[in-house]
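Q: Kindly return the folded structure for what I paste below:
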Amino acid sequence: MAIRKVLLVSQFTLSLFINLSVIIMQRQFKLFISKDHGFNMGNNIMVKPKVKTSLT
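A: Numbers count the residues shown, from 1 in each chain. Presented below is the predicted three-dimensional model:
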């Protein structure tokens, strides 16, 4: 009987932890999307490195 209680409590604790983690990640993602990152994507320069490929 005691093992059932332990499993029930551990399952509840794990589900609570997962739900809180998802809520925190959603808030962080919303903040990341809405926050000004301090640069304009139109003003960036992209430098492509030369890549050596050798198939021999």
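
Q: what stretches of this structure score poorly on pLDDT?
A: By pLDDT under 70, the low-scoring segments of the chain are 55-56.

Q: Would you point out which residue is most central in it?
A: By CA atoms, centre = their mean, the chain has its centre lying nearest to M25, at 6.3 Å.

Q: Packing partners of the helix or strand it falls within?
A: In the assignment (DSSP states H and E), M25 maps to helix 2-34. The helices and strands touching helix 2-34, judged by 3 or more CB pairs under 8 Å, 6 or more residues apart in numbering; DSSP states H and E, number zero. Where C-beta positions appear, they are placed from N, C-alpha and C, glycine not excepted.

Q: Sort out which residues of it are buried, please.
A: By neighbour count on 16 or more other CB atoms under 10 Å, the buried set for helix 2-34 is empty.

Q: Return the distance of it from the chain's centre.
A: In terms of CA atoms, centre = their mean, to the nearest Å, the centre of helix 2-34 is found 14 Å from the chain centre.

Q: I'd like to know how far the residue nearest to the centre of the chain sits from K50.
A: Separation of M25 from K50 (CB to CB, to the nearest Å): 38 Å.

Q: next one: I33
A: Using CB to CB, I33 is found at 34 Å from K50.

Q: now L8
A: 60 Å.

Q: Likewise for R4?
A: Counting by CB to CB, the gap from R4 to K50 is 64 Å.

Q: cool, N43 as well?
A: 25 Å.

Q: just K35 next, same as before
A: K35 is 35 Å from K50, by CB to CB.

Q: of these two, who's got more company?
A: Neighbours were counted for K35 and for K50 using other CB atoms under 10 Å; K35 has more, 8 against 4.

Q: separation between the more buried one and F29?
A: K35 is 11 Å from F29, by CB to CB.
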